[in-house]
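Student: Below are the sequence and a predicted model; questions follow.
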Amino acid sequence: MPIVERSIDPRGSIVSIVDDPVSNVSIITRNAHSIGSNHYHYEDWHIMYIVEGQCDYFFKDRDTGEVQYICCKPGDNIFTPPLELHSTYFPVKTTMIVSSKNPRDQATYEADTVREKFIDLDNIQEYLAKFAR
């Protein structure tokens, strides 16, 4: 997801991290050595902007099983489209700003989310050894 520098002058700068209509913006903090996600959404999408820390982001094509990986550091913006199985590992305490198409109330979120085992603390080292270079 592109980050767009809108302006810069002696006062500072304006940088846009989301240019799409969203229904929710959340600040999410994850503790070191924690796993997140392990799901996909029918219609929702989200954009994760890493403020501090690190996120090992894994995503899988649900048809082919092909796994891809992105190491996300502060200043990175990651787009998760609908129907993409994704999982996150946080090797250090991490803070993100997450913008979502759909509202984040529990009922809306659960109706659009399918949980699927992908990455966990038992297999994370295997995935990191294979994909993180």
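Tutor: Arrived safely.

Student: Provide the strand pairings for the helix or strand of the chain with the lowest mean pLDDT, with the direction of each partner.
Tutor: Within the chain, no helix or strand scores below strand 4-9, which has a mean of 76 by mean pLDDT, DSSP states H and E. Within its sheet, strand 4-9 is paired with strand 12-16 (antiparallel), according to DSSP bridges.

Student: per-residue pLDDT, the spatially most central residue of the chain?
Tutor: With distances taken as CA atoms, centre = their mean, residue 48 lies nearest the centre of the chain, 4.5 Å away. Among the per-residue scores, residue 48 holds a pLDDT of 96.

Student: Assign it to one of the three secondary structure states.
Tutor: Here residue 48 is strand, with the state taken from DSSP: H, G, I helix; E, B strand; the rest coil.

Student: That one against residue 94, yeah?
Tutor: No. With contacts counted by CB atoms under 8 Å, residue 48 stays clear of residue 94, the gap being 9.9 Å. All C-beta spots, glycine's among them, are computed from the backbone N, C-alpha and C.

Student: Now do the shared contacts for those two.
Tutor: Taking CB atoms under 8 Å, 6 or more residues apart in numbering as the contact definition, residue 48 and residue 94 share the neighbouring residues residue 55.

Student: picking that back up, for residue 7, see how far away the residue nearest to the centre of the chain is.
Tutor: Applying CB to CB, to the nearest Å, one obtains 24 Å for the distance of residue 48 from residue 7.

Student: ditto for residue 18
Tutor: For residue 18 relative to residue 7 (CB to CB), the value is 17 Å.

Student: One more: residue 77?
Tutor: As judged by CB to CB, residue 77 and residue 7 stand 18 Å apart.

Student: Name the residue in those two with the higher neighbour count.
Tutor: When residue 77 is set against residue 7 and neighbours are counted by other CB atoms under 10 Å, the residue ahead is residue 77, at 17 against 9.
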